[in-house]
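> sequence plus predicted model, see below.
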Amino acid sequence: MSGPRLLFLVNEALFFTTHRLPVAMAAQAAGYDVHVAAPYQDGPVSVIQGCGFNYYDLPLERGRRNLLGEMRLIARCFHLIRRIKPDLVHHVAMKPVIFGGLVSRILGVPAVVHAITGMGFLFIRQDWLARALRVLIMPLYRYAFGHPNARVIFQNPDDLDLFLQQELVRKDITVLIKGCGVDVETFAPTSPPGGPAVVMFPARILGDKGVHEFIHAARTHKAAGSEAKFVLVGRRDPANPTDVEEATIRGWEQEGLVEWWGFQTNMPEILTRAHIICMPSYREGLPRSLIEAAACGLPIVTADVPGCREVVRDGISGYLVPVRDGTATTAAIGKLLVDPDLRRSMGQAARQLALDEFTVEDFVADSLAAYDALRNPI
């Protein structure tokens, strides 16, 4: 007899393998029959199936704007969940939470977990379209969270407070789990590499991730004669309105401002090439890339915004700078470029913070505890 069926609804198969795979494996070891629904991506789907999970192709990608297509997607969610008959559905990110939460409540799924991984560009931008979409989305969140046996996981207290202030969720069903944790044995400090200092931007190449402030810093330091190397490590994301065109990135390379290393699957090795990490994002859930950097003992420059501020102790493990402030970002990087001892001491503090607050073991334990609370209510 198989165990309780656990279904993950995720908007990206790659995200599942990088951010939720340890939880799924632990759940499987605990007796759950694990199912995963996400848009098809060859490599990540091979990983999912290789773990013995049941996989379903479900086009939950971000960025779709076709109303008829979205209605069809809801219908596909409905048929999939009705066919699988899960005992617990774990929705990860906005579209799975809203669409999956709607369907799970209608079908009477016994238990649901909603994971809020960040507020996204809809809550960063202030143009009329973003404001209009927020007005539409809020009631959908409220309905999804109204499931009679639910837990809603937040990654930082700012997002949790926002949802409580908007009366979208009851406080008694919320859980605060900081990030998705990292393996601190795999992500570990190494001796700093020789040669000029490397300042690394480890994120998707998006305006909302602070890439323009990073480029401002690179341009300013290069103009002042700095030998530091500025590196972009990440992929484009055309579904995001702040995506940077490849021609623009190549132009930065041709100017000699940056090197673009693209998306990398071996981040533990890539991070050994860095001296400083900089990702001055405009808002996050709690960025795994910064947790990985902290675990590797690297000083971090990031913006003083929800999510990012959780990973850095200002002046101790790195610097928090005002959001959208290229000048402040430049100055913070400059302090670290000229002082190897400061980089070393801040890196040590970052490593200790990762050990204290961001281990994958704690993340898995907290996630399974949320499952247990739903499966075995008091």
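Yep, it's here.

> any idea how far the spatially closest residue to residue 106 that is not a sequence neighbour is from residue 104?
With C-beta to C-beta, 6 or more residues apart in numbering as the criterion, residue 106 has its nearest non-adjacent residue at 7.4 Å, and that residue is residue 78. All C-beta atoms are positioned from the backbone trio N, CA, C, and that covers glycine. For residue 78, the distance to residue 104 equals 10 Å [C-beta to C-beta, to the nearest Å].

> try residue 325
Counting by C-beta to C-beta, the separation of residue 325 from residue 104 is 41 Å.

> neighbour-wise, which of the two wins?
Neighbours were counted for residue 325 and for residue 104 using other C-beta atoms under 10 Å; residue 104 has more, 27 against 17.

> now the stretch 101-250 of the chain, which segments are flagged as low pLDDT?
For the stretch 101-250 of the chain, residues meeting the criterion pLDDT under 70 lie at 120-126.

> pretty sure residue 268 is touching residue 295, no?
No: contact status for residue 268 versus residue 295: not in contact, 9.1 Å apart, counting by C-beta atoms under 8 Å.

> now for those two: what residues contact both?
Common neighbours of residue 268 and residue 295, using C-beta atoms under 8 Å, 6 or more residues apart in numbering, are 187-188.

> more neighbours: those two, which one.
For the pair residue 268 and residue 295, the greater number of neighbours falls to residue 295 (27 against 16), based on other C-beta under 10 Å.

> what's the spacing between the more buried one and residue 187?
From residue 295 across to residue 187, the span is 4 Å (C-beta to C-beta).

> next, show the common contact partners of these two.
residue 354.

> Validate this expectation: residue 363 resides in a helix.
Yes: secondary structure of residue 363, determined by DSSP: H, G, I helix; E, B strand; the rest coil: located in a helix.

> can you tell me the closest non-neighbouring residue to it?
In this structure, residue 363 finds its nearest non-sequential neighbour in residue 181, 3.1 Å apart by C-beta to C-beta, 6+ apart.

> contact partners for that neighbour?
By C-beta under 8 Å, 6+ apart, the residues touching residue 181 are 22, 291, 358-364.

> tell me the pLDDT at the residue nearest the centre of the chain?
The geometric centre of the chain, computed from its C-alpha atoms, lies nearest to residue 287 (C-alpha atoms, centre = their mean), at 4.7 Å. What the model reports as pLDDT for residue 287 is 96.

> who are the contact partners of it?
Contacts for residue 287 were tallied using C-beta under 8 Å, 6+ apart; they are 179, 203, 279, 281, 307-308, 311.
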